[in-house]
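Student: Just the structure for this:
(one chain, ligands or ions: 1)
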Amino acid sequence: MNLSELNKVAEAMVAPGRGILAADESTGTIKKRFDTLGVESTEDNRRDYREMLFRTKDAMSKYISGVILYDETIRQKAKDGTPLVQVITQAGSLPGIKVDKGTKPLPNCPGEVITEGLDGLRERLAEYRSLGAKFAKWRAVIDIAAGPVPSYTCIRTNVHTLARYAALCQDEGIVPIVEPEVLMDGDHDIDRCCQVTEMVLKLQFEELYFQRVALEGMVLKPNMVVPGKKSGKKASVEEVAEKTLRVLKACVPASVPGIAFLSGGQSDEEATAHLDAINRIGDLPWNVTFSYGRALQAAPQKTWSGKSENVAAAQRAFNHRAAMNSLAARGEWKADLERKAA
Ligand code: 13P
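Tutor: Next comes the predicted model:
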């Protein structure tokens, strides 16, 4: 492992004012998104949509440090024959790859899942590296529900798997994004989210230690601490920022170069406001930024709606969201900037 190379890439992924575009929806997930827009999910449509994002010049060169790709996309060529990986690197951004193979039911833990994909991972990482990937992503999913959910078994098994993935990535010269996502779908309050997120992150860093993962060569992708969607409760932006930071400070060593949040079902503007409030508190031991999927893509996707005549407007929408999140990553976003753009 060349730790100084890994550290350089990790630092670039979370460079001040820049964050990550998660464009790694599986074929099934992107089909669901396209279905709501009435767009057929063909290989060409998926390519055209993602090429449109990667060719958004300002966003990609100023605000987006890296892009998480799906297996199909890392192998695809733009309409003019340029590999999409090259389109991304020419814009000044880093290509990354989702390497987990999704979730399966976890035995003996009703309603809980384990993320699979360790078998053959070393060989897949070597291939992805040859295709240009500088970093990888693996997402574990921890639900909060009635009864014993999440179970200790589910948390322990998932964080162990994430740590084994991270160790393999570093051994193959690829920076791992470690993503133990506590879902915001339940009816729990913000304090329950706080409690579960804290336990997940404590155990996550213990497992990373046992697997000898170099913290300087990874990026953490956690959820923010928010009330469950079905709770009907709303927390203020300040409360989310304060509780999220309290948990992170208690669990994440300062040697981790950066934390890049997932959006997890928050609206575009909520995800931006929360990130901004966290950075406004300031004086943090890590760079704190975004690694958003839905919160970066919802607006451009809808504007595009599969029509080539909408490409310029969709690129403006993507550029705007990326610019807003870049300001939030510096703690310099203002709500009126959104209203002016509307
Ligand atoms: P969301 O921001 O839509 O949660 O997606 C981020 C991601 O990469 C989930 O794994």
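
Student: which residues touch G102?
Tutor: S26, T115, E116, G117 (Cβ atoms under 8 Å, 6 or more residues apart in numbering). C-beta: built from backbone N, CA, C; applies to glycine.

Student: Select from the residues you listed the one having the most neighbours.
Tutor: Sorting those by how many neighbours each has (other Cβ atoms under 10 Å) puts T115 first, at 23 neighbours.

Student: ok, that residue - contacts?
Tutor: Going by Cβ under 8 Å, 6+ apart, T115 touches D100, K101, G102, T103, W138, R139, A140, V141, N158, T161, L162.

Student: isn't the last one right next to V178, touching?
Tutor: Yes - with contacts counted by Cβ atoms under 8 Å, L162 reaches V178, the gap being 5.3 Å.

Student: what about the two, which has more around it?
Tutor: The residue with more neighbours, out of L162 and V178, is V178; 28 against 25, by other Cβ under 10 Å.

Student: other SSEs contacting the helix or strand hosting that one?
Tutor: In the assignment (DSSP states H and E), V178 maps to strand 175-182. On a contact count with 3 or more Cβ pairs under 8 Å, 6 or more residues apart in numbering; DSSP states H and E, strand 175-182 meets helix 3-13, strand 135-142, helix 152-171, helix 190-210, strand 219-220.

Student: number of nearby residues for the residue of the stretch 101-250 of the chain found nearest the ligand?
Tutor: For the stretch 101-250 of the chain, the residue closest to the ligand is R139, as judged by Cβ to the nearest ligand atom, at 4.1 Å. Residues contacting R139 under the criterion other Cβ under 10 Å number 21.

Student: chain center to stretch 116-128: distance?
Tutor: On the basis of Cα atoms, centre = their mean, to the nearest Å, stretch 116-128 sits 20 Å off its chain's mean C-alpha point.

Student: can you list contacts of that stretch?
Tutor: 74, 97, 99-104, 136, 138, 161, 164-165, 168-169, 171-172, 174.

Student: what about the residue of the chain found nearest the ligand, distance to N45?
Tutor: Proximity of the chain to the ligand (Cβ to the nearest ligand atom) peaks at G293, 2.8 Å away. According to Cβ to Cβ, to the nearest Å, G293 stands 18 Å off from N45.

Student: which one of the two has more residues nearby?
Tutor: Each of G293 and N45 has its neighbours counted (other Cβ under 10 Å); G293 has more, 19 against 14.

Student: In this structure that one contacts S263, no?
Tutor: Yes - using Cβ under 8 Å, G293 makes contact with S263 at a distance of 6.5 Å.

Student: so which of the contacts of T115 is the most crowded?
Tutor: N158 (28 neighbours).

Student: List the contacts of that residue.
Tutor: I114, T115, A140, V141, I142, P180.

Student: export those residues to a markdown table and tack on pLDDT and distance to Q315?
Tutor: Putting the contacts of N158 into a markdown table (pLDDT from 0 to 100; distance: Cβ to Cβ, whole Å) gives the following:
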| residue | pLDDT | distance to Q315 |
| --- | --- | --- |
| I114 | 98 | 38 |
| T115 | 98 | 33 |
| A140 | 98 | 33 |
| V141 | 98 | 32 |
| I142 | 98 | 35 |
| P180 | 98 | 33 |
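
Student: Can you add distance to L3 and give these back as CSV?
Tutor: What follows is the contacts of N158, written out as CSV (distance: Cβ to Cβ, whole Å):
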residue, distance to L3
I114, 29
T115, 26
A140, 24
V141, 29
I142, 29
P180, 23
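
Student: in what helix or strand does the residue positioned nearest the centre of the chain lie?
Tutor: What sits nearest the mean C-alpha location of the chain, by Cα atoms, centre = their mean, is S291, with 3.7 Å. Under the criterion DSSP H and E, the helix or strand holding S291 is strand 287-292.

Student: which helices and strands sit right next to the next helix-or-strand element following that strand?
Tutor: For strand 287-292, the succeeding helix or strand toward the C-terminus, using DSSP H and E, is helix 294-304. When contacts are defined as 3+ Cβ pairs under 8 Å, 6+ apart, helix 294-304 packs onto strand 19-22, helix 27-37, helix 43-54, helix 268-281, helix 311-329.

Student: highest average neighbour count across these?
Tutor: strand 19-22 (a mean of 29; mean count of other Cβ atoms under 10 Å).

Student: pLDDT on that strand, on average?
Tutor: Average pLDDT, strand 19-22: 98.

Student: Pull out the CA atoms of that strand and give them to me as CSV.
Tutor: Listed next in CSV are the C-alpha coordinates belonging to strand 19-22 (Å, rounded to 0.1, in the frame of the first residue of the first chain):
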residue,chain,number,x,y,z
GLY,A,19,-17.6,17.3,-3.1
ILE,A,20,-18.6,14.0,-4.7
LEU,A,21,-21.4,13.3,-7.2
ALA,A,22,-22.9,9.9,-6.5
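
Student: Sweet, I'm off.
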